[in-house]
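Student: Have a look at this fold, sequence not included:
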């Protein structure tokens, strides 16, 4: 269970929301077939004031599994959509 | 199950990591006693290159429950620790 979590916050202009959703669907369809994939969930902000309109949270078996998948992943290349992916581990948990 | 998710990415200088952990413990101890609290998990980046060294992900019953709790929460007030909290709902999910 050396599970790692990819957290990827997206800055998305209003007129790029559809592009983000299409790109996410494409990436998720690819990722789900890769070794070590566990899950992925796209979170959408409830209000327009959120700094990041979307955040993707995905589980992978190991950092290497994710790195291998990323090399082959179809990229989201719209320059107006900015994102800040990182790999994380849970270090504190309640509930 | 109108569950909402608080996602809070933190920018934390290396010498403020301990302050962040202490602040998180204090906030979590408070939040777990509040109505509508579901869970909270502090994620720490695996590498120093991550834009956000920590990301907190917490579940709440409704946006109102979280708003009510936030009003009473002990705040993290170190000006060198920046954070970008937002409330989210899962809109796409695989796995």
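Tutor: Perfect, I can see it now. As the structure is a computational prediction, the values presented were derived from the model and not from experiment.
Student: from memory residue A:28 sits against residue B:94, does it?
Tutor: Yes. At 5.0 Å, residue A:28 counts as touching residue B:94 under the criterion of CB atoms under 8 Å. For every residue, glycine as well, the C-beta is placed using N, CA and C.
Student: ok, now how distant is residue A:39 from residue A:54?
Tutor: Applying CB to CB, to the nearest Å, the value for residue A:39 to residue A:54 is 16 Å.
Student: Looking at residue A:28 and residue B:94, which is more packed in?
Tutor: Neighbour count, other CB atoms under 10 Å in any protein chain shown: between residue A:28 and residue B:94, residue A:28 has more, with 20 against 16.
Student: Mind listing what's buried along the helix or strand containing that one?
Tutor: Using DSSP states H and E, residue A:28 falls within helix A:17-31. For helix A:17-31, burial by neighbour count (16 or more other CB atoms under 10 Å in any protein chain shown) applies to A:19, A:20, A:21, A:23, A:24, A:27, A:28, A:31.
Student: same check, this time on stretch A:34-42
Tutor: Of all the residues in stretch A:34-42, those buried under the rule 16+ other CB under 10 Å are A:36, A:37, A:38, A:39, A:40, A:41, A:42.
Student: for the second one, what are its contacts?
Tutor: What that stands for is residue A:37. Counting by CB atoms under 8 Å, 6 or more residues apart in numbering or on different chains, residue A:37 touches A:31, A:58, A:59, A:60, A:61, A:65, A:69, B:95.
Student: let's go with 7 Å and repeat that
Tutor: A:31, A:60, A:69, B:95 (CB atoms under 7 Å, 6 or more residues apart in numbering or on different chains).
Student: Please settle this for me: is the third one part of a helix?
Tutor: Right, the one you point to is residue A:69. Yes. Assessed with DSSP: H, G, I helix; E, B strand; the rest coil, residue A:69 lies in a helix.
Student: quick one on the thing from earlier: from the buried residues of helix A:17-31, list the ones also adjacent to chain B.
Tutor: Applying CB under 7 Å from any CB of the partner chain, the subset of the buried residues of helix A:17-31 adjacent to chain B comprises A:24, A:28.
Student: Quick check: neighbours shared by residue A:28 and residue B:94?
Tutor: Joint contacts of residue A:28 and residue B:94 (CB under 7 Å, 6+ apart) are residue A:40.
Student: residues contacting the residue lying closest to residue A:53 once chain neighbours are set aside?
Tutor: Leaving aside its chain neighbours, residue A:53 sits nearest to residue A:12 (4.3 Å; criterion: CB to CB, 6 or more residues apart in numbering or on different chains). Residues near residue A:12 by CB under 7 Å, 6+ apart: A:20, A:53, A:54, A:81.
Student: same thing but 8 Å
Tutor: A:20, A:53, A:54, A:80, A:81.
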